[in-house]
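Undergrad: Below are the sequence and a predicted model for it; my questions follow.
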Amino acid sequence: MTQKKVLVTGAMGQIGSELTGELRRRYGSENVIATDIRKPGGILEESGPCDVLDVTDRSAVFSMLESYGINTVYHMAAILSATGEKHPALCWNVNMNGSINIMDAAVELGLGTVMIPSSIAAFGPETPRFNTPQETILRPRTMYGVTKVCGELLGDYYVKRFGADIRGVRYPGIISSETLPGGGTTDYAVDIFYKAVEKGSYTCFVKKDTKLPMMYMPDCIKATIDLAEADRSSLVHSCEYNLAALSFTAGELAAEIKKHIPGFEVTYEPDFRQAIADTWPATIDDSAARTEWGWKPEWNLENMTTDMLEKLRAKN
Ligand code: NAD
Ligand code: AKB
């Protein structure tokens, strides 16, 4: 079997940072290169090779993949929904040109598996909000969502037209304790834990009854690597797998945290991110992922909340 030589883009981000750690444990530290537009530091730098890579710089993308002899890419660099609404041109440039550079490199350099994430942001207000089907209406209202739909379509095109092995899931909001989220709408579901531990109170930027699909980081990492390692012949889809684990309202999350911190107070002051959240689904049908590559989440609201609070308290 060929030795995996992996490059992670956006490795300093919320998902990339923890994904890199797990990939290094599996494939050997020296075989996983962590890259980001920001100089990778901390544990990423201490635990294996790192480099600075701006994914919009096409020649840098090609030469870095060649110089490290990369055969597998986890492309995590992106601009998320809230930042994307503040800077739509930047969001288009990073998400689209970054992804097309990686896809072209996959074809021209003959890479193996390339993972390019999509998001629940690919959906829009016309999409069925409950049990959102795998095949459904994709009319997002954010620039971020537009780039996610275009990324899915381009990925499928590269798979069918050029035989590239591009795969991806529509992640729900990801909750984690290691790296703060980087400018999304679902960030409140992480911030609330930090503020609960640090201050015992939180001002939430979406309404109490806002219900969105979420997932704990260990499930996110598992899903990502499981799909990357799945037998291609069992995959009917490529870049757009619905993925579900948890769905709860902001109020339900606050109530779960209150079981551990009885005095915890939450006030709700919706801002521009409410309008984004209102266009996304509440629950997701992920039966294609379950059938085609055996996806099954392991974390629920109760055990995730206990684990998050334990991890954050240990850091404080
Ligand atoms: P993040 O914002 O935490 O990290 C993105 C990283 O990309 C950052 O470290 C940033 O420095 C880097 N970056 C930005 N511009 C770059 C450029 N030009 N070149 C190289 N790096 C650049 O994002 P994340 O939450 O880790 O998301 C990773 C992927 O998963 C993205 O495609 C995102 O759309 C998707 N996703 C994330 C979530 C979530 O809740 N975290 C949900 C759905 C989808
Ligand atoms: C965001 O809120 O932008 C991300 C996502 C769901 O894609 N967390």
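TA: Thanks, I have the structure now. Ligands and ions are numbered 1, 2, ... in the order given.

Undergrad: From here on, just use CA atoms for contacts and neighbour counts.
TA: Fine.

Undergrad: Enumerate the residues of this structure near ligand 2.
TA: Contact residues (C-alpha under 6 Å from any ligand atom) of the chain with ligand 2: 80-81, 119-121, 172-173, 184-186.

Undergrad: Among these, the buried ones, what's the PyMOL command?
TA: The buried residues among these can be selected in PyMOL (16 or more other C-alpha atoms under 10 Å) with this line:
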select buried, resi 80+81+119+120+121+172+173+184+185+186
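
Undergrad: okay, the residues of the chain next to ligand 2 in CSV with secondary structure, distance to Arg129 and pLDDT next?
TA: As requested, those are exported to CSV (DSSP: H, G, I helix; E, B strand; the rest coil; distance: C-alpha to C-alpha, whole Å; pLDDT from 0 to 100):
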residue, secondary structure, distance to Arg129, pLDDT
Leu80, coil, 21, 98
Ser81, helix, 19, 98
Ser119, strand, 15, 98
Ile120, helix, 11, 98
Ala121, helix, 12, 98
Pro172, coil, 13, 98
Gly173, strand, 15, 98
Gly184, coil, 19, 98
Thr185, coil, 17, 98
Thr186, coil, 16, 98
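
Undergrad: between the residues of the chain next to ligand 2, which is nearest Ser238?
TA: For these, the residue nearest Ser238 by C-alpha to C-alpha is Ser119; the value is 13.8 Å.

Undergrad: My guess is the closest one contacts Ile174. True?
TA: No. If you go by C-alpha atoms under 8 Å, Ser119 and Ile174 don't touch, sitting 10.4 Å apart.

Undergrad: How much space separates the residue nearest to Gly69 when sequence neighbours are not counted from Val159?
TA: Sequence neighbours aside, Lys5 is the residue nearest to Gly69 in space, at 6.7 Å (criterion: C-alpha to C-alpha, 6 or more residues apart in numbering). Lys5 is 21 Å from Val159, where distance means C-alpha to C-alpha, to the nearest Å.

Undergrad: helix/strand/coil for Glu166?
TA: Slight slip there: residue 166 is Ile, not Glu. Three-state call for Ile166 (DSSP: H, G, I helix; E, B strand; the rest coil): strand.

Undergrad: Identify the bridge partners of Thr132.
TA: Under DSSP bridges, the beta-bridge partners of Thr132 are Ile284.

Undergrad: Contacts only, for it.
TA: 281, 283-285 (C-alpha atoms under 8 Å, 6 or more residues apart in numbering).
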